[in-house]
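**Q** below are the sequence and a predicted model for it; my questions follow.
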Amino acid sequence: MLKEFKEFIMTGNVVEFAVAVIMAGAIGGVVKGFVDNIVMPVVGHFSGGMDFAELKVVLSEAVVNAEGVVTTPENAIMWGSWVNTIVNLIIVGFVMFLIVKAYNKTKAPAEEPAPAGPSQEDLLAEIRDLLKK
């Protein structure tokens with residue numbers, strides 16, 4: 001059983017999949033940092049200095065007692081955070097598109113099959129026609 005597991009785990013597909021998952025996690029971290037630290041501040045600047053992550057629709061305000069302690073937290077729809085997630089998705093999709101496009105350029109072009117010659121029936125028909133003459 002251990003030998004079978006070793007054979008399974010060392011097949012190309014499993015190893016390639018593991019590498020892909022690790023790379024996807026790393027690329028995801030890089031893209032998230034790019035979106036959070038570069039893109040969203042620029043978008044916020046051009047949208048009047050607002051931070052999308054703070055945009056929300058408050059359904060019920062927080063309840064604070066006399067000592068200033070929150071007894072019931074605010075209930076809000078955090079739609080700005082959702083906008084950040086959508087922007088992140090678009091950027092990740094674009095980055096993945098660029099990566100796949102670059103990878104496809106590095107692959108050797110597939111060899112075109114040699115043009116098929118005439119079939120045996122065509123050759124026999126041609127010989128028959130030549131013999132008739």
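**A** The structure has been received and is ready for your questions. Numbers count the residues shown, from 1 in each chain.
**Q** CA atoms for contacts and neighbours, from now on please.
**A** OK.
**Q** tell me the mean pLDDT over stretch 92-99?
**A** Averaging pLDDT along stretch 92-99 gives 81.
**Q** now that stretch: buried residues?
**A** V92 (16 or more other Cα atoms under 10 Å).
**Q** so what touches it?
**A** Applying Cα atoms under 8 Å, 6 or more residues apart in numbering, the contact partners of stretch 92-99 are G28, V31.
**Q** outside of stretch 79-89 itself, list whatever touches it.
**A** By Cα under 8 Å, 6+ apart, stretch 79-89 touches V31, K32, V35, M40, D51, F52, A53, E54, L55, K56, V57.
**Q** please give the element, helix or strand, for I27.
**A** helix 12-34 (DSSP states H and E).
**Q** let's see that helix as PDB, backbone CA atoms only.
**A** The C-alpha trace of helix 12-34 is given here as PDB (Å, rounded to 0.1, in the frame of the first residue of the first chain):
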ATOM      1  CA  GLY A  12       3.400  14.000 -12.900                       C
ATOM      2  CA  ASN A  13      -0.100  15.100 -12.500                       C
ATOM      3  CA  VAL A  14      -0.100  15.200  -8.700                       C
ATOM      4  CA  VAL A  15       3.200  16.900  -8.500                       C
ATOM      5  CA  GLU A  16       2.200  19.500 -11.200                       C
ATOM      6  CA  PHE A  17      -1.100  20.100  -9.400                       C
ATOM      7  CA  ALA A  18       0.800  20.600  -6.100                       C
ATOM      8  CA  VAL A  19       3.100  23.100  -7.700                       C
ATOM      9  CA  ALA A  20       0.200  24.900  -9.300                       C
ATOM     10  CA  VAL A  21      -1.700  25.200  -6.000                       C
ATOM     11  CA  ILE A  22       1.400  26.600  -4.200                       C
ATOM     12  CA  MET A  23       2.100  29.100  -7.100                       C
ATOM     13  CA  ALA A  24      -1.600  30.100  -7.100                       C
ATOM     14  CA  GLY A  25      -1.400  31.000  -3.400                       C
ATOM     15  CA  ALA A  26       1.800  33.000  -3.900                       C
ATOM     16  CA  ILE A  27       0.400  34.800  -6.900                       C
ATOM     17  CA  GLY A  28      -2.800  35.500  -5.000                       C
ATOM     18  CA  GLY A  29      -0.800  37.100  -2.200                       C
ATOM     19  CA  VAL A  30       1.100  39.300  -4.700                       C
ATOM     20  CA  VAL A  31      -2.100  40.300  -6.500                       C
ATOM     21  CA  LYS A  32      -3.900  41.000  -3.200                       C
ATOM     22  CA  GLY A  33      -1.000  43.200  -2.100                       C
ATOM     23  CA  PHE A  34      -1.000  45.000  -5.500                       C
END
